[in-house]
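J.: A structural model of the following input is requested.
(2 chains)
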2 protein chains.
Amino acid sequence: MLQSRLLQGTLREAPAEAETVSHQLLLRSGLVRQVAAGIYTFLPLGRKVLRKAEQIVREEMERSGAQEVLLPMMQPAELWQQSGRYGVYGQELISLSDRHGREFALGPTHEEVITSLVAQEVSSYRRLPITLFQIGTKFRDERRPRYGLLRGREFVMKDAYSFDKDLDGLDRSYQTMYEAYHRIFTRCELRFRAVEADPGAIGGEGGTHEFMALAEIGEDTIAACNCCTYGANLELTGIAEGDRCPRCSEGTMQFFRGIELGHVFKLGTKYSEAMGAAFLDEKGVSRPVIMGCYGIGVSRLLSAVIEQHHDSDGIIWPLSLAPYQVHLIPVSVKDEQQMQIARDLYDRLRQAGADVLLDDRDERAGVKFKDSDLLGLPIRITIGKEAGQGKVEFSERSALSDKRQMDVEEAITEAIAVLEG
Amino acid sequence: MLQSRLLQGTLREAPAEAETVSHQLLLRSGLVRQVAAGIYTFLPLGRKVLRKAEQIVREEMERSGAQEVLLPMMQPAELWQQSGRYGVYGQELISLSDRHGREFALGPTHEEVITSLVAQEVSSYRRLPITLFQIGTKFRDERRPRYGLLRGREFVMKDAYSFDKDLDGLDRSYQTMYEAYHRIFTRCELRFRAVEADPGAIGGEGGTHEFMALAEIGEDTIAACNCCTYGANLELTGIAEGDRCPRCSEGTMQFFRGIELGHVFKLGTKYSEAMGAAFLDEKGVSRPVIMGCYGIGVSRLLSAVIEQHHDSDGIIWPLSLAPYQVHLIPVSVKDEQQMQIARDLYDRLRQAGADVLLDDRDERAGVKFKDSDLLGLPIRITIGKEAGQGKVEFSERSALSDKRQMDVEEAITEAIAVLEG
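T.: Presented below is the predicted three-dimensional model:
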């Protein structure tokens, strides 16, 4: 992509309402713009990052055997009355009436719709287990939307639902999702912990886990063992810092702040009983399907990644999520030698499969470097006054002071080596 | 994908309310299910087709230089008041209030949001032209939703908007989109015509074209020349069948029914003036940006494709949109030789990059073939009683009577040849 064509306005200063680093950097680097409180437009760079996150989530869901569906956002109020949530969900549920006066809810989550679908489609144990997922927009009328994408009113989520014939099956489906979540957040290069949020609610060991990104701005406090993998949400336990770990009895508990990235939850039969999702078992006996639900805040994940991957100059994107992987910066676009090398690099790196952004703007070098620091693409190749000797400068955003002068050919080899990990 | 795991219930009979062939086949083949009037869930097979259509649209938009964004569905009513559309759009606009009583519209289209974004982000002629697009859900409270995905209340659209500094630029942006639309609908194997819908509204020749799929159930009548490419929407012209063509003067006009797939429209400055989207030209003079808008009904495209690609037994998917490309049918899952060949074909075709569905269900052969005809995957390989001699039966859904017995190796080669066109 040529940067002169890109719809991306960088801002020197973040608006005053942006309290967190991720919110400031999302706005300053031109990834998103606010349309109303908690409601955002994703500009081209933000859309690209979001698509990469969506694709990681989709790949790992499919690898785990889950099938993608698309459920409607406008949900008939009758479904919510049937589950008993319509009256109790509170003001966060956005409702509306159609031209005939029929009531709908804008889906904050899809248990009702998916359970009524499975009630229609699945009637025998032979069709179970099954896990369905979707990636789409959710609505929640937060009393106090804030922190950019962290607490929005319209946001992108992955929600998945498992359907099993017994509790052992639920344990397996839950474990499969738990492992998929580990793969997803690892690919996003997040430092995270899976913490028990409400241990032992339904069958198996542990009825729900929250996946928390470690970050100072996190709204939750996590207690985690320094020895085994045990962790718990502090709201739900009586643990004090320094206590001995209740699981391994060897480590001690430490406290962290965390951003909730996702959760896995054993639902049991709450929705299947309410929505009539039953199946005939091997003996011909009708039983309610046993459910689990599994959410990931895909748009908020961007905020968590930025909280963990930035420095005072801007974002430092992990390769897996960077909107472009390589930033080519000819210092002067009026210098034909520089531009020729830049265009050559652009074509050849793209042919090699790289996502490349070429800063062909007629701006001062200082402006270009500042914008490049802010945007935070993983690899930077600067084409400057050594262009006449066929030399360029290679660096990585994670260690900008480590600049290496090299030939064009060497820079291509080096870039591809970084991209291939 | 193993069919025994797939959430797909086929129906022998379509519900009575399904009046059109495409609506019947969408339901019977288990692609979609209705949640409320004009509101559908996409089951896994339907979601796959929709994603393939989205991907074709995305690739051709990007090839044309358009940049992808994501605009919110909840749009502040103030924006619609500013454009003057809030009061006049009518009952099709779905509105709602948030917990603080602020009014929002659920976007049926995004001119207001995108124009106010460009008003903020673009101030100089140097940033123009630019074309932005998104693929997402739209809402329109149709008085009479019908024909399945053809006239829905919640549906998937691609909308794009071009921003130019002068009318010549608009003509170029418009032409670029016009050509992208031709590529998109051609890749979807649709028979279509681009027809003048309201000639000469703003600058250039022809201010808007509709892209119409030829189909008996179409709600519009098209007049098209049998000699040149001229076509027009009958509602807007006084042409009679058999009239001489007003453009080439050689052909005669014929009438067709058509389903609107998309439109391209020269908007001019209506929204940029209302929303204050102005730029400074080369002389430093402030001028309103000149806009075009370009829509494609992505979910309704599925209906149009099915209307054109079916027979009395079911759908005949074009390769580009088929949920899976190859259907493997072992006649008896209890026959270990058949199953071994089927699993071998499954692994090897997938390794070759094919999308494969293996009907591993313990059903009678007649049921499997009926379901396979209905679902309409392009290539079918039946593994039956000749499996012992290493023979399978190869056919294409578009010509099922042309069955050829061949070795497993030959079937793989043949399938790959079909997939590579």
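J.: what's the domain layout of chain A?
T.: A:3-311, A:326-419 (automatic domain parsing).
J.: looking at those, spot the one closest to B:Ala197.
T.: Taking CB to CB, domain A:3-311 is the member of these nearest to B:Ala197, at 26.5 Å. Yep, even glycine has a C-beta here, placed from its N, CA and C like the rest.
J.: strands of the stretch 101-250 of chain A, start to end?
T.: For the stretch 101-250 of chain A, the strands defined by DSSP state E, counting those that start in this stretch occupy A:103-106, A:130-139, A:154-164, A:192-196, A:208-214, A:220-225, A:231-233.
J.: tell me which strands the longest strand belonging to chain A pairs with, and in which orientation.
T.: Identified as the longest strand of chain A according to DSSP state E is strand A:253-268. Within its sheet, strand A:253-268 is paired with strand A:208-214 (antiparallel), strand A:220-225 (antiparallel), strand A:290-297 (antiparallel), according to DSSP bridges.
J.: from the chain's centroid, how far away is the following helix or strand past it?
T.: Downstream of strand A:253-268, the next assigned helix or strand under DSSP states H and E is helix A:270-275. Distance, stretch centre to chain centre, for helix A:270-275: 29 Å (CA atoms, centre = their mean, to the nearest Å).
J.: which residues does helix A:270-275 contact?
T.: A:79, A:82-84, A:111-112, A:115-116, A:118-119, A:163, A:277-278, A:288-291 (CB atoms under 8 Å, 6 or more residues apart in numbering or on different chains).
J.: pLDDT score for the nearest residue in space to A:Ile379 that is not next to it in sequence?
T.: Spatial nearest neighbour of A:Ile379, excluding adjacent residues (CB to CB, 6 or more residues apart in numbering or on different chains): A:Val326 at 4.6 Å. If you check A:Val326, the pLDDT there is 98.
J.: so what does A:Val326 look like in phi/psi?
T.: Main-chain torsions, A:Val326, degrees, to the nearest 10: phi -120, psi 130.
J.: can you pull the contacts of it?
T.: Per CB under 8 Å, 6+ apart, neighbours of A:Val326: A:Leu349, A:Ala354, A:Asp355, A:Val356, A:Leu357, A:Leu377, A:Pro378, A:Ile379, A:Arg380, A:Ile381, A:Ala415, A:Leu419.
J.: my guess is A:Gly38 contacts A:Arg153, does it?
T.: Yes - the criterion here is CB atoms under 8 Å, and A:Gly38 meets it with A:Arg153 at 3.6 Å.
J.: overlap in contacts, the two.
T.: What both A:Gly38 and A:Arg153 touch, as defined by CB under 8 Å, 6+ apart, is the set A:Glu142, A:Pro145.
J.: tell me which residues in stretch A:343-350 are buried?
T.: A:Arg343, A:Leu345, A:Tyr346, A:Arg348, A:Leu349 (16 or more other CB atoms under 10 Å in any protein chain shown).
J.: wait, does it contact chain B?
T.: No - residues of stretch A:343-350 are not located near chain B by CB under 8 Å from any CB of the partner chain, the shortest gap being 12.8 Å.
J.: for stretch A:99-108, same thing?
T.: Yes - with CB under 8 Å from any CB as the criterion, chain B is reached by stretch A:99-108 at A:Arg99, A:Arg102, A:Phe104, A:Leu106.
J.: what number of residues lie near A:Gly251?
T.: Using other CB atoms under 10 Å in any protein chain shown as the criterion, A:Gly251 is surrounded by 17 other residues.
J.: quick check: nearest residue in space to it, chain neighbours excluded?
T.: Among residues not flanking A:Gly251 along the chain, A:Cys227 sits closest, at 2.5 Å (CB to CB, 6+ apart).
J.: residues near A:Asp335, how many?
T.: Neighbour tally, A:Asp335, other CB under 10 Å: 17.
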